[in-house]
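>>> need a 3D model of the sequence below.
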Amino acid sequence: MEVQDHTEAKPSLKERLSSAVAALHHRNYRFYFFGLLVSVTGFQMLIVLQAWLVWDLTGEYSSLAYLGIVMAAPTVILNLFGGVVADRFDQRILIMIVQGVIGVLLAILATLVFFEIAGLRHVLLLSFLIAGVQSFDNPARQALYPHLIDRKDLMNAVALNAIVWQGTRVIGPLIAGVLIKYTDAGIALYFAAGTFGVMVTAMAAIHVPPIARAKAANVLQSMGEGIGYVIHNRIFSFLIGMTFLNSFFGMSYVFLLPVFATDVLKVGPDGLGEMHAVSGAGALVMAVVAATLSKSRRKGYFLIIGAVMFGVSIILFAYSTSYYWSLAMLFLGGASVTFYMVMVQTTLQALVPDHLRGRVFSIYSLTWSLLPLGAFQAGLVAGWVDPKFAIALGGVVVASFALIVALLSNQIRTMGAATQQAMDPA
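Alright, predicted model coming up:
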């Protein structure tokens, strides 16, 4: 009798590569991905250009603080309203409108700069308007792109989106710097404005099937429904809580890196640039790795492990006296925070009902907009105690929250199985 070999064949390199970009096999998502890649590059350029213009015009630190306020305030105020709008209207059209308006506002700023008309008030006003319009962008994008793929490829799409954001952290500022140096800040702004037009074109080429819309209600009731849904769902409360603590405590270390570069590690501005670069490199590498784990049922454990690794790496960085050891910990920190935030987004995308997706993700986006407040608390703690303690505190808070909740809740530990079940095709 013939004995059958039940050994499962290992996937070939071609199959592994195909799996790593599974979401790109879908036409709609391909258009979305490449449009996002270009427009986010423009967004990363914009961050550099805004700060450069303000500093070039005034040379005052207080003016940079004003820029931070005008960029953060409309996001905090309008994010939840943006989620309501995203749930009620066609997200594809909404993205096209938002991206187009941002492009026009950037073109206006570019013209003012190019003809040397721009003053501080012009930059601050247009930065305020751009930030306000962007409040409607992220909830709409988060609500739309799960409908551009098969559910089984959801985590892969989340990871590919992370690759876009992490990769453009390097590419966008580099392009902005080159254009400022060899042409003019106005030309750089025109270039950035054009990138948003690319996203408009990409969205115009997408065909989206009908999506469930939220039932008509007043705006406050709609906001309350989204907030109540998060509060009364243990998994969502945990995920949003993780994101908040990550923004307010964990990522606050970024704002104290200049102190470590000058006073602790004594490596100067070049070393500061290298510290930012290795953190971004770790994030990019882990985003690529996460793209290959879309079929794993252990997403809950991955999330907890990633959060603990992030906390530990940040604590070890805080008390390091070796520059190269510090770089290693920053690489690990960038990698682990990206790893567990991909798990957070994947779980939310898989389990949130379509008619609430925009509002839930507006709350998620709101937690990220609290980064400037995280810098504020880190600065206070650094002044009261010292910068090392301020950074280590953030690591302790993130790692402890993940561990405590994981030990107390089996639902959190095993949420990866529920996520994968929602993502598996029927």
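>>> which intervals of the stretch 151-300 of the chain have sub-threshold pLDDT?
Screening the stretch 151-300 of the chain residue by residue with the criterion pLDDT under 70, one finds the ranges 211-219, 269, 273, 293-297.
>>> quick one, helices of it?
154-182, 185-204, 219-231, 234-248, 253-259, 268-290, 299-318 (DSSP state H, counting those that start in this stretch).
>>> select, out of those, the one closest to residue 33.
Nearest of the helices of the stretch 151-300 of the chain to residue 33, taken as CB to CB: helix 154-182 at 6.2 Å. Placement of C-beta: from N, CA and C, glycine included.
>>> including distance to residue 130 and mean neighbour count, could the helices of the stretch 151-300 of the chain go into CSV?
Shown next, in CSV, are these (distance: least, CB to CB, whole Å; neighbours: other CB atoms under 10 Å):
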stretch, distance to residue 130, mean neighbour count
helix 154-182, 15, 20
helix 185-204, 10, 21
helix 219-231, 23, 16
helix 234-248, 21, 20
helix 253-259, 22, 20
helix 268-290, 23, 19
helix 299-318, 31, 23
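>>> any chance of those helices in TSV, plus distance to residue 54?
Shown next, in TSV, are these (distance: least, CB to CB, whole Å):
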stretch	distance to residue 54
helix 154-182	14
helix 185-204	11
helix 219-231	33
helix 234-248	24
helix 253-259	17
helix 268-290	19
helix 299-318	30
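>>> closest one to residue 408 among those helices?
Residue 408 lies closest to helix 234-248 among the helices of the stretch 151-300 of the chain, at 10.4 Å (CB to CB).
>>> can you list contacts of the closest one?
229-231, 303, 307, 310, 337, 340-341, 344, 347-348, 351-352, 360, 363-364, 367-371, 373-374, 377, 397-398, 401-402, 405, 409, 411-412, 415, 418 (CB atoms under 8 Å, 6 or more residues apart in numbering).
>>> out of those, which end up buried?
Buried members of the contacts of helix 234-248, scored by 16 or more other CB atoms under 10 Å, are 229-230, 303, 307, 310, 337, 340-341, 344, 347-348, 351-352, 360, 363-364, 367-371, 374, 377, 397-398, 401-402, 405, 412, 415, 418.
>>> out of the residues you listed, which are inside helices?
Among the buried ones among the contacts of helix 234-248, the members falling in helices (DSSP state H) are 229-230, 303, 307, 310, 337, 340-341, 344, 347-348, 351, 360, 363-364, 367-368, 371, 374, 377, 397-398, 401-402, 405, 412, 415, 418.
>>> ok, for residue 381, nearest residue in space, not its chain neighbours?
Leaving out its chain neighbours, the residue that sits closest to residue 381 by CB to CB, 6 or more residues apart in numbering is residue 390, at 4.0 Å.
>>> swap in residue 366?
That would be residue 79: by CB to CB, 6+ apart, it lies 4.5 Å from residue 366.
>>> tell me the contacts of that neighbour?
Counting by CB under 8 Å, 6+ apart, residue 79 touches 135, 138, 139, 362, 363, 365, 366, 369.
>>> and if we set it to 6 Å?
Shown in contact with residue 79 (CB atoms under 6 Å, 6 or more residues apart in numbering): 135, 362, 365, 366.
>>> make JSON lines out of those residues and add neighbour count, distance to residue 108 and pLDDT.
Formatted as JSON lines, the contacts of residue 79 follow (neighbours: other CB atoms under 10 Å; distance: CB to CB, whole Å; pLDDT from 0 to 100):
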{"residue": "135", "neighbour count": "24", "distance to residue 108": "19", "pLDDT": "88"}
{"residue": "362", "neighbour count": "29", "distance to residue 108": "27", "pLDDT": "81"}
{"residue": "365", "neighbour count": "22", "distance to residue 108": "25", "pLDDT": "79"}
{"residue": "366", "neighbour count": "23", "distance to residue 108": "28", "pLDDT": "79"}
